[in-house]
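Asker: One predicted model, sequence on top.
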2 protein chains.
Amino acid sequence: MSAMQLNDTHNPSLQSWVTSANQAGCDFPIQNLPFAVFRRVGSGQAFRGGVAIGDHIVDLAAALSADVFTGTAHTAAQACAASTLNAFMALGPKAWSALRAALSQALRTGAAEQTRLTACLVPQSEAEYAVPAQIGDYTDFYTSVHHATNVGKLFRPENPLLPNYKWIPIGYHGRSSSIGISGQAFHRPVSQLMKPGATAPVVEPTKRLDYELELGVYLGTGNALGEPVALDEAESHVFGLCLFNDWSARDIQGWEYQPLGPFLSKNFASTVSPWIVTVEALAPYRTAWTRPSDDPQPLPYLDSATLRASGAIDIELEVYLQSATMREQGLAPHRLSRSNFRDAYWSVSQMVAHHTVNGCNLQPGDLLGSGTQSGPTLEEAGALIELTVGGSRSLSLPSGETRTFLEDGDTVTFKGFAQVPGAARIGFGEVAGTVLPAKPRA
Amino acid sequence: MSAMQLNDTHNPSLQSWVTSANQAGCDFPIQNLPFAVFRRVGSGQAFRGGVAIGDHIVDLAAALSADVFTGTAHTAAQACAASTLNAFMALGPKAWSALRAALSQALRTGAAEQTRLTACLVPQSEAEYAVPAQIGDYTDFYTSVHHATNVGKLFRPENPLLPNYKWIPIGYHGRSSSIGISGQAFHRPVSQLMKPGATAPVVEPTKRLDYELELGVYLGTGNALGEPVALDEAESHVFGLCLFNDWSARDIQGWEYQPLGPFLSKNFASTVSPWIVTVEALAPYRTAWTRPSDDPQPLPYLDSATLRASGAIDIELEVYLQSATMREQGLAPHRLSRSNFRDAYWSVSQMVAHHTVNGCNLQPGDLLGSGTQSGPTLEEAGALIELTVGGSRSLSLPSGETRTFLEDGDTVTFKGFAQVPGAARIGFGEVAGTVLPAKPRA
């Protein structure tokens, strides 16, 4: 399906019999219907697919047993009953769309399925989540020119934005095994650091621990090795988007990253949100993709009329920090910054087209990170290294504390939502993670 | 088990009733017993685990049915009957060793199991192989200081060996999905290139396609996220080694690799050998790991008495090239170079200890590439970019052709073996791959 096709499921006047879905500001109205894998906390159940509606989850395995779905939607729901969504993702856009349409019908006010489906609802407050796909390969991109410039200034003052940046959607391979679900708590990583002015490195806990505000992009259908995906086909291979925190240790990164890229500075933990908002749900929030006229225009394999018309997506992103002291004092998480995915220099379709132009094969459940989403102003920076200008400027918290980089006990939470005139507001929920002290070393 | 423990299975005077195993120069004598997954060509059978002996394979699923094994060896063989070796790898060194010991006993001249096991043998000439593990994550290291210096001179003449090289076993994440088994044929990759003197990139097939002569290291048992593996424990987590070709497109690499590392220049294909030679089989070929006294000595987490005594492994490696013309003329593959893994600047144990020092979790079946193994002389270079000094010097083939980089139709084959006084010679078999022309673009 084209990115721009709106259908009955996007109608902003739709209401659900799950009344919490109809409340202003709810992330999960009936126009959203994002997917996760979940189970009841403490149930010992297997994880299974679910769809958010208001403050509840439709248990798709239960809905199958209750015979809520027929035809393609039934087949799709069967694939969702597994402990990862890979099989569902592999079914492709028609199946995703059929299940979405069936859920949209069955959850509407007055739907005949209300009684049967009510028995399949689980309160989100009683659920725990798992990483929703077996992620075969994780690739991180670098799509914000503002982030690339801000960080480039700190790592390479003489040469902040490299000559390839405006031609290539720069990406590199990351670590799948350490990707965790929202709520992940990880020990402050230890590795080699070279301190300013030192002549030999030391092995110490990072002093410059940071978050990176990203969106994650899950592949749906893959491509065979040797078969590139054309730009205008790219989004039909994408299942949906999530919030993603690519935690980074800047001092480890600075010492290790040349010439082959970041490694231990990134692979200790990365955190995804439980909910995947589908490409179809994001259709109303598409916006024109533009390139400043004095910048290089994209090469033909990265350019098309569809891209220019609707290649960008208007998704507002927010970063919150709550320190251990703030938690003790009952202070709410403090917003550090906001930015918007529409400012990305490269689109989702360009990431996929570039990744595969050499024949590289993508597979269902693969994850692409967008790279840190920083906007054009300093206040819109998506990482502390930018907000604090490399640690030279400290941020104030409501507790009276200050921050340059993350401290032990800090919880970082990202939120995201899409909201444009004439469409419902839909949200991504959140992704949260907490820094534990470095492990004592033997 | 310690890397140095020799036992009865290493006895160089052992002979097998599979007589091809006793021939001089055979890669698979009874002292080797490497693992693969295979099936009979055209059988439609599921792939299953096998062990090489001479020119045959012991079908472990068949041997299980024939009740050849008991106790731990039986449990281990059960895990090997699957279509990947991940479950077997996860069992750990005691199980690997028990199965090896049982096979060594059962395959010896005069063994009571000869009749039962003869029915479980499949000729290697009738077998096809698959990638032997589901590789969750693939990490490539850069352990040859000679390669790093040679390539560094070409990419960064002013700054060939970066300051971190002698402190950090440099590594970066690679692509799992495009790893194929020996025999892999792949289309010459297309991507962005910036030609010398040009002001804008073009999208073309690579003109500088290269191989990289590497060893692959399969993880056996993993470690939990947040739990580093100590240097002297590292090899107990390693199942074994294979031959590995990390195909590389140098012109794509030169344009894309800064600042986040190689991406499309590497992820179009990488090829592993079918056979994994176990760490236990390599015990007789261990040798002292040394560091020149005027180089930085390793930091404590990368140093130990065991490393110094036996951290290196004497494995001879060879590169052969056969062009399409040579194949037509009946000319044998031509040896381009030889090198030895004992010259690596960083050891297998150092790769594992460094990879996990920040808490990164490794999993059974993960693959670590050693990086290109180039020796101290130009003739020992493990890649064409070094052998031809960046394409400035051409190599002559027996067909009268010349090469700077790979041409369409070229088949590159690596071989490897270990041979020291007082031990049997054991081999790795081979890994071969062929370059197909670039795909016509739509």
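Answerer: Nice, thanks for sending it over.
Asker: alpha carbons only for contacts and neighbour counts from here, please
Answerer: Noted.
Asker: and the gap between A:Val357 and chain B?
Answerer: Relative to chain B, A:Val357 is positioned 6 Å away (criterion: Cα to the nearest Cα, to the nearest Å).
Asker: tell me, how many neighbours does that residue end up with?
Answerer: Using other Cα atoms under 10 Å in any protein chain shown, the number of residues around A:Val357 comes to 25.
Asker: pLDDT at it, what is it?
Answerer: At A:Val357 the predicted local confidence, pLDDT, stands at 98.
Asker: which residues does it contact?
Answerer: When the contact criterion is Cα atoms under 8 Å, 6 or more residues apart in numbering or on different chains, the partners of A:Val357 are A:227-229, B:190-191.
Asker: Restricted to strands, list the residues you listed.
Answerer: In strands, judged by DSSP state E, the following of the contacts of A:Val357 are found: B:190-191.
Asker: could I get the contacts of A:Val357 as CSV with pLDDT, neighbour count and distance to A:Arg338?
Answerer: Output for these, formatted as CSV (pLDDT from 0 to 100; neighbours: other Cα atoms under 10 Å in any protein chain shown; distance: Cα to Cα, whole Å):
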residue, pLDDT, neighbour count, distance to A:Arg338
A:Glu227, 97, 16, 38
A:Pro228, 98, 23, 35
A:Val229, 98, 27, 33
B:Val190, 98, 26, 38
B:Ser191, 98, 25, 35
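Asker: Tell me the one among the contacts of A:Val357 nearest to A:Ala101.
Answerer: Distance ranking of the contacts of A:Val357 against A:Ala101, using Cα to Cα, places A:Val229 first at 26.9 Å.
Asker: so what's that closest one up against?
Answerer: Taking Cα under 8 Å, 6+ apart as the definition of contact, the neighbours of A:Val229 are A:223, A:352-353, A:356-357.
Asker: in the stretch 51-200 of chain A, which spans are strands?
Answerer: In chain order, the stretch 51-200 of chain A shows strands spanning A:56-59, A:121-123, A:127-130, A:138-141, A:171-174, A:179-181, A:184-187, A:190-193, with DSSP state E, counting those that start in this stretch as the criterion.
Asker: that older thread, return the subset of the contacts of A:Val229 lying in helices.
Answerer: When those are checked against helices (DSSP state H), the matches are A:352-353, A:356.
Asker: Who wins on neighbours among those?
Answerer: Counting by other Cα under 10 Å, A:Thr356 has the largest number of neighbours within those, with 28 neighbours.
Asker: My read is that A:Val190 contacts A:Lys207, right?
Answerer: No - the criterion here is Cα atoms under 8 Å, and A:Val190 misses it with A:Lys207 at 9.6 Å.
Asker: how about low-confidence regions in the stretch 1-150 of chain A?
Answerer: Counting by pLDDT under 70, the stretch 1-150 of chain A has low-confidence residues at A:1-4.
Asker: That one against chain B: which residues are in contact?
Answerer: A:136-137 (Cα under 8 Å from any Cα of the partner chain).
Asker: again with the stretch 201-350 of chain A
Answerer: Close to chain B, as judged by Cα under 8 Å from any Cα, the stretch 201-350 of chain A has residues A:201-202, A:225-226, A:255-264, A:267-269, A:299.
Asker: repeat that with 7 Å
Answerer: A:225-226, A:255-256, A:259-264, A:267-268 (Cα under 7 Å from any Cα of the partner chain).
Asker: re the thing from before, need the contacts of A:Val357 in JSON lines (columns: distance to B:Ile276).
Answerer: Converted to JSON lines, the contacts of A:Val357 look like this (distance: Cα to Cα, whole Å):
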{"residue": "A:Glu227", "distance to B:Ile276": "30"}
{"residue": "A:Pro228", "distance to B:Ile276": "32"}
{"residue": "A:Val229", "distance to B:Ile276": "34"}
{"residue": "B:Val190", "distance to B:Ile276": "32"}
{"residue": "B:Ser191", "distance to B:Ile276": "33"}
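Asker: from the contacts of A:Val357, which single one is nearest B:Leu85?
Answerer: When the contacts of A:Val357 are compared for distance to B:Leu85 (Cα to Cα), A:Glu227 wins out at 28.7 Å.
Asker: quick one: the strand ranked longest in chain A to chain centroid distance?
Answerer: Of all the elements of type strand in chain A, the one with the most residues (DSSP E) is strand A:426-436. If you compare the mean C-alpha spot of strand A:426-436 with that of the full chain, they lie 10 Å apart, counting by Cα atoms, centre = their mean, to the nearest Å.
Asker: For that strand, which helices and strands make contact with it?
Answerer: Strand A:426-436 is packed against strand A:184-187, strand A:238-245, strand A:411-418, with contacts defined by 3 or more Cα pairs under 7 Å, 6 or more residues apart in numbering or on different chains; DSSP states H and E.
Asker: Quick one: end-to-end distance for stretch A:209-221.
Answerer: Across its full length, stretch A:209-221 reaches 35 Å between end residues, using Cα to Cα, to the nearest Å.
Asker: average model confidence for it?
Answerer: Taken as a whole, stretch A:209-221 has a mean pLDDT of 98.
Asker: Same check on stretch A:271-289?
Answerer: In this model, stretch A:271-289 has an average pLDDT of 98.
Asker: could you dump that stretch to PDB, C-alpha only?
Answerer: This file holds the C-alpha atoms of stretch A:271-289, laid out as PDB (Å, rounded to 0.1, in the frame of the first residue of the first chain):
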ATOM      1  CA  THR A 271      16.000  -0.400  24.600                       C
ATOM      2  CA  VAL A 272      12.800  -0.700  22.500                       C
ATOM      3  CA  SER A 273       9.300   0.300  23.400                       C
ATOM      4  CA  PRO A 274       6.700  -2.500  23.700                       C
ATOM      5  CA  TRP A 275       4.400  -1.000  21.100                       C
ATOM      6  CA  ILE A 276       4.900  -1.000  17.300                       C
ATOM      7  CA  VAL A 277       2.800   1.600  15.500                       C
ATOM      8  CA  THR A 278       2.200   0.300  12.000                       C
ATOM      9  CA  VAL A 279       3.100   2.100   8.800                       C
ATOM     10  CA  GLU A 280      -0.600   2.000   8.000                       C
ATOM     11  CA  ALA A 281      -1.600   3.800  11.200                       C
ATOM     12  CA  LEU A 282       0.900   6.500  10.400                       C
ATOM     13  CA  ALA A 283      -0.600   7.300   7.000                       C
ATOM     14  CA  PRO A 284      -2.400  10.500   8.200                       C
ATOM     15  CA  TYR A 285       0.800  12.000   9.500                       C
ATOM     16  CA  ARG A 286       2.900  11.800   6.300                       C
ATOM     17  CA  THR A 287       4.400  15.000   5.100                       C
ATOM     18  CA  ALA A 288       6.500  16.300   2.300                       C
ATOM     19  CA  TRP A 289      10.200  15.300   2.300                       C
END
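Asker: Thank you kindly, that will do.
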